[in-house]
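> can you look at this prediction? I've put the sequence above it.
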Amino acid sequence: MADYLSQIIFWLGITLITLGVIGAMRRIRLWRQGQSSTVHWKGLLQIPKRYLVDLHHVVARDKYISNTHVATAGGFVLTSVLVIIVYLFGIKGAVLNWLMLFSSALMLVGAVFVFKRRINPPANLSKGKWSRLPYSLLIYSTTFLLLALPATGLLPDYTGSYLMIALLSVGVFWGFSEMYFGITWGGPMKHAFAGALHLGLHRRQERFGGGRSTGLKALDLDKDSLGVEKPEDFKWNQLLSFDACVECGRCEKACPAFAAGQPLNPKKLIQDMVVGMAGGDTAKFAGSPYPGVTGTYKGGAIIPIVDTLVPANTIWSCTTCRACVEECPMMIEHVDAIVDMRRHQTLEKGNTPGKSAELLENLKTTDNPNGYAPDSRMDWAADQNLKVFGEDTQQADVLLWMGDAAFDLRNQRTLRATVALLRAASVDFAVIGNQECDVGDAARRLGDEATFQRLTKDNIATLSKYQFKHIVTTDPHVFHSLKNEYPDFGGHYSVYHHTQFLAELVQQSKLKLNSTSLGDVTYHDPCYLGRYNGEFDAPRYLLESMGISVKEMERSQRRSRCCGGGGGAPITDIPGEQRIPDMRIADAKEINAGTVAVACPQCNAMFEGVVAPRPDIKDVAELMLDATVFEEAH
Amino acid sequence: MAQFDALFKPLKINNLTIRNRVVSTAHAEVYATEGGMTTERYVKYYEEKAKGGCGLCICGGSSVVSIDSPQGWWKSVNLSTDRIIPHFQNLADAVHKHGGKIMIQITHMGRRSRWDGDNWTTLLSPSGIREPVHRATCKTIEVEEITRIIDDFAKAAGRAKAGGLDGVELSCVHQHLIDQFWSPRVNKRTDEWGGSFENRMRFGMEVLKAVREEVGPDFVVGMRITGDEFHADGLNHEDMKAIAAYYNETGLVDFFSVVGSGCDTHNTLANVIPNMSYPPEPFLHLAAGIKEVVSVPVMHAQNIKDPNQAQRILESGYVDFVGMTRAHIADPHLIAKIKLGQTDQIRQCVGANYCIDRQYQGLDVLCIQNAATSRESTMPHIIEKTTGVIRNVVIIGGGPAGMESARVCAERGHNVTLIEKNSELGGQITIAAKAPQRDQIAGITRWYALELARLEVDIKFNTEADEAMIRGLNPDVVILATGAKPFISQNPEWGADDGLVVSSWDVLNGEVAPGKNVLVYDTICEFSGLSVADFLAQTGAKVEIVTDDIKPGAAVGGTTFPTYYRSLYEQEVIMTSDLMLEKVYREDSNLIAVLENEYTGQKEERVVDQIVIENGTRPDEVLYYQLKSDSKNKGQIDIEALYDAKPQPALSDNEGGYLLYRIGDCVAQRNTHAAIYDALRLCKDF
């Protein structure tokens, strides 16, 4: 009797695993439609560690699902190994039976919790085939539990119970189909197969082991077609990464554009990329749509994506805040994909929406996004007596990068405060004055890699003329570009965000701060300082040094919600149901903050654009200026 | 482009970078004292502007270079002695510390002064022709004196430079000595200093050369000139273009500042500092005309008060710098507020000309609405929050005293309730604004309304406060600013009780329909009488304004009575002085006004259908006496502390009960500035 069952399991196993392998070959062929990219073979060896450490680190932010996943996946992997040993290779033994009992029970426990979560699933979870998965997991685990029970002698043999044999056979068939066949044929278990490979072959190997890799990859401008027009224009390992998506929707929950009702849902975007890569339409997608977008879209590997598979407004809604990337347990790089597609739209099609074409034109003609006369960058400082590289000096300890704040009345206050603080600490600093060009952050994120690279080269050429130890900037976008993106073009600098530099000055007692009585203050983490560069502490340290006990908003630090000002979003200005900065200020109002401390000129501009009544918006440097003890200079 | 980018575009004058395009142009401050040495008050006045972001201050209107140009009348700065140099250093440091630049206007006033004081100078002028505004007789200047004064100019400029100032402006405007030589109206000489264009230009040219020689090429030397004297026998716009071009040609002038209108008559003087009856920037075209013919920056003041207006003028390229001088007197933090995005919080000049009209009386320049201006040593422009107890402050009356009290107390962080019986703020300002040409005075109220809303002051409109209500609010401090009522019952013979006469308020408020044939009897001779006469005339009434004083509007300042007169004469309003109203009686449907000549006792009568009395006000004291006896301080203001700008001693008692203060016209009739000043100095330490 048991032999019949073993035979059945053996042949079903052989068949479905074979089909699974065929499926895997087909899947790999789909990925190989993509463009060549470095193959990090060694990464494959790191898969278990990356799964257990890096991926689990992200998953563990949701304790329920991380425990559930450990039980389910751990139980499944162990059970499957045992299935192969016992049923395919025919190796028997009491230990194996007991192990099988344990592993299938473990998986069953996990599957029960998966099932429970699916009873009333939150909106971010996809339905459709994903609703089937808990049943498959329950069936797979129960089947092998039931098989292990008599094998360990805990239950009598099922001999003679045809019904039981039939049921178990169906269970094995169902389980194998889902787990061994479906895994490579587009079932929900695909995430395990593609996900494991993606962890090994990830395009940004630096991200593993606690590293950080947030700078955009440089685009070779000599290519015939620039950016991604169609799915096959992605790198092969990007295509692989899309397949790793588990449709958990954590990205969707974190996405500010989605929350604002703009037509972007990062999860759907990734799923649409899968549709594009494999060919077909979007009808089967069973998660939240792009807000405000209805209907079915079609795609294929050689079919242009924008407006066929994905509405143009979707890719232009992104603020590049990286909240999705930060949340993604599969470490998928949504922002890279979006910028890749924007690059094609901008560089090949000239299809930049809203006022962004004007911005790019301004950058080309005036080196700054708002088209101010290039020689007016120093106007704000007419009464500051700043030392200027090339005019007053060739060297200084610190090069203060002014950024676009120089042209903006509001953010000039931050610059003035920073200048006053640097002076109070007797820091030897200078600016490059009107030689400074925009760093190219907005151009790059709007897809205009050519303008970005031109500005980058110009700036690097200017910087190479002078001697300085550090660059300090009040703008996290400048900070990020100079620190993480300029090295690709030969610009290697020691770059500080002003809060970092000022924090050092306070630590060294070069700046003395009084306590202020500001009432309730919260701090808003700028994306490009926080998520992009991991700096959460310096601004908070400065606020605490002023006697401010920071009231944290619900979304803070790596989960901080974008102000809406990044990635050119304020100028592409894709309509939604509400404005991102309004939502963020609502977060601040929620905790009755009287002042929102910021550390980024974009955040400042976005929040000051929120209609009153609202909290005051102050850069950390401005708050410091009020608290600094100045010794009368003589 | 940003909203105010043209305003914030730095520009060089000579080699001096001015951080923005906004200038506080030269005006007599009337506080350089002790022989014309700048005082702490003077320095602080300019420091406040620099702190507030003003690009360039040109101080010291009519600061003298010679001892025979008297400075005592307007207490201008005296550059005729080296003693001034250390004072300048203080001044320069105070302004430079905040990134501002400071220059001084230097001049010899020639005939435009008074001789009857100080050194009992003999005034000088090219041809000894009398100056009417100052009733100034003078001698014809001799060549030796010309030479000496040229040298005085050079030395004075040298002192400005030695004191660390950034430049000098030669006053060639307002009929000072240089433009007295220019103007054929005054210069009738036939020697090398008069007659031909070159000869008339000679004195100014020699001064310019001597000054430049003294200060070197890098120190800023500018000229302030008129754009048109508006006199048939004077310099017209084309003449002025020729003059500007002539001096510009030398390359010795670093900027021109252009003023529309001459000012050696009362009527032209009123143009120079346009009051609220003028349109915005009425003489900009004259400055723009000068800009066409010169190659250096041109600046222009005159009724430029609003940042948007300034931006429009600058971005259109009419001139290079805008003078916003009165705008800075009203709010020295104007620029800072623009930069802070707080343009709604700018206290905008309303053109009441309280400042300049005081100056022409030899009184210190003060602002009708900002009592902190030129009192920087004692009065704050920015009210700090209190660190002491938070008080319940109940203010009765939303006129100037009440509004300022509410603002200051709210800025201090107290809980402020303001009770106003009318449906809007303003008190007597609201009435004043009803008159033709006077509507802009309501700008004072507009600012307060915005500020009190921003400060979330609880204003109860349409509420007549009574004793019980006030006590019910559980106040720590009660401020009565209930104002006053027209005092038309002073002489029972006027028949106010019988309804024979009405008040100017009744007419302006529309409570009484204007008559057809009206006699306005004005004992006060301030704005109110002329305003009501003007108002009535505009309705088509025949109006005679009668006063027992020396002339109607006698107390109205020199830059404002001319604009009233223009309107009143044009409407054939009869202005009669020296008659007092003895009695009014009714005869049939007419009213008979019996008038008696002040000096002869001779009586005369007028048959009219309406008699409007402007006899000032009587304070509204009812609430005060109801609340006085129970108040902790018996309603008394400690005037020693008040005048010393110190906290009221009674504030230190924080036990139960309330303090009671009354300010403004509910004490005695004074003016808007007095009400606001009392409110500020009383409440700033609450």
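Good, I have the coordinates.

> could you find the closest non-adjacent residue to the residue of the stretch 251-400 of chain A found nearest chain B?
Closest residue of the stretch 251-400 of chain A to chain B, CB to the nearest CB: residue A:383 (2.7 Å). From N, CA and C alone the C-beta is placed, and that goes for glycine too. In space, residue A:383 comes closest to residue B:99 once its chain neighbours are excluded; the distance is 2.7 Å by CB to CB, 6 or more residues apart in numbering or on different chains.

> for residue 234, which residues are in contact?
All of this refers to chain A. Contact analysis of residue A:234 by CB atoms under 8 Å, 6 or more residues apart in numbering or on different chains lists A:34-35, A:228, A:273, A:337, A:340.

> chain B, not that one
Residues counted as contacts of residue B:234 (CB under 8 Å, 6+ apart) are B:183-185, B:262.

> pairing partners for the host helix or strand of residue B:478, with directions?
Using DSSP states H and E, residue B:478 sits in strand B:477-480. Note on strand B:477-480: by DSSP bridges, its sheet partners are strand B:392-396 (parallel), strand B:659-662 (parallel).

> make CSV out of the ones you listed and add distance to residue B:515 and mean neighbour count.
Formatted as CSV, those follow (distance: least, CB to CB, whole Å; neighbours: other CB atoms under 10 Å in any protein chain shown):
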stretch, distance to residue B:515, mean neighbour count
strand B:392-396, 35, 26
strand B:659-662, 36, 25
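
> got CSV for those, with mean pLDDT too?
Output for the strands paired with strand B:477-480, formatted as CSV (pLDDT from 0 to 100):
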stretch, mean pLDDT
strand B:392-396, 97
strand B:659-662, 97
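
> what about the strands in the stretch 301-450 of chain A?
If DSSP state E, counting those that start in this stretch is used as the criterion, the strands of the stretch 301-450 of chain A fall at A:395-401, A:429-430.

> turn those into a markdown table, including mean pLDDT, mean neighbour count and distance to residue A:359.
Below are the strands of the stretch 301-450 of chain A laid out as a markdown table (pLDDT from 0 to 100; neighbours: other CB atoms under 10 Å in any protein chain shown; distance: least, CB to CB, whole Å):
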| stretch | mean pLDDT | mean neighbour count | distance to residue A:359 |
| --- | --- | --- | --- |
| strand A:395-401 | 98 | 20 | 20 |
| strand A:429-430 | 98 | 22 | 29 |
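
> dump those strands to TSV, plus distance to chain B.
Shown next, in TSV, are the strands of the stretch 301-450 of chain A (distance: least, CB to the nearest CB, whole Å):
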stretch	distance to chain B
strand A:395-401	17
strand A:429-430	18
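
> per-residue pLDDT of the residue in the stretch 551-686 of chain B that chain A sits nearest to, please?
The stretch 551-686 of chain B approaches chain A most closely through residue B:686 (18.9 Å), counting by CB to the nearest CB. For residue B:686, the model assigns a pLDDT of 93.

> cool, and residue B:72?
At residue B:72, pLDDT is 84.

> does it sit in a helix, a strand or a coil?
Using DSSP: H, G, I helix; E, B strand; the rest coil, the structure places residue B:72 in coil.

> check which helix or strand covers the residue of chain B found nearest chain A.
As assessed by CB to the nearest CB, chain A sits closest to residue B:99 within chain B, at 2.7 Å. Residue B:99 belongs to no helix or strand when assigned by DSSP H and E.

> so it makes contact with residue A:386?
No - Residue B:99 is beyond contact range of residue A:386, at 11.5 Å (criterion: CB atoms under 8 Å).

> now render the strands paired with strand B:477-480 as JSON lines, adding distance to residue A:301.
What follows is the strands paired with strand B:477-480, written out as JSON lines (distance: least, CB to CB, whole Å):
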{"stretch": "strand B:392-396", "distance to residue A:301": "75"}
{"stretch": "strand B:659-662", "distance to residue A:301": "84"}
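
> among the contacts of residue B:234, who's most crowded?
Counting neighbours by other CB atoms under 10 Å in any protein chain shown, residue B:262 leads those with 25 neighbours.

> please tell me I have it right and it contacts residue B:231.
Yes - using CB under 8 Å, residue B:262 makes contact with residue B:231 at a distance of 5.6 Å.

> list residues touching both of those two?
residue B:268.

> shaky segments in the chain?
Let's take chain A. In the prediction, chain A carries residues with pLDDT under 70 at positions A:1-2, A:159-160, A:632-634.

> not what I meant, chain B
Low-confidence segments of chain B, defined by pLDDT under 70, span residues B:1.

> please repeat the previous calculation with a cut-off of 90.
Per-residue confidence of chain B (counting by pLDDT under 90) places the weak regions at B:1-3, B:30-35, B:71-74, B:117-119, B:132-134, B:263-264, B:341, B:360-362, B:653-656.
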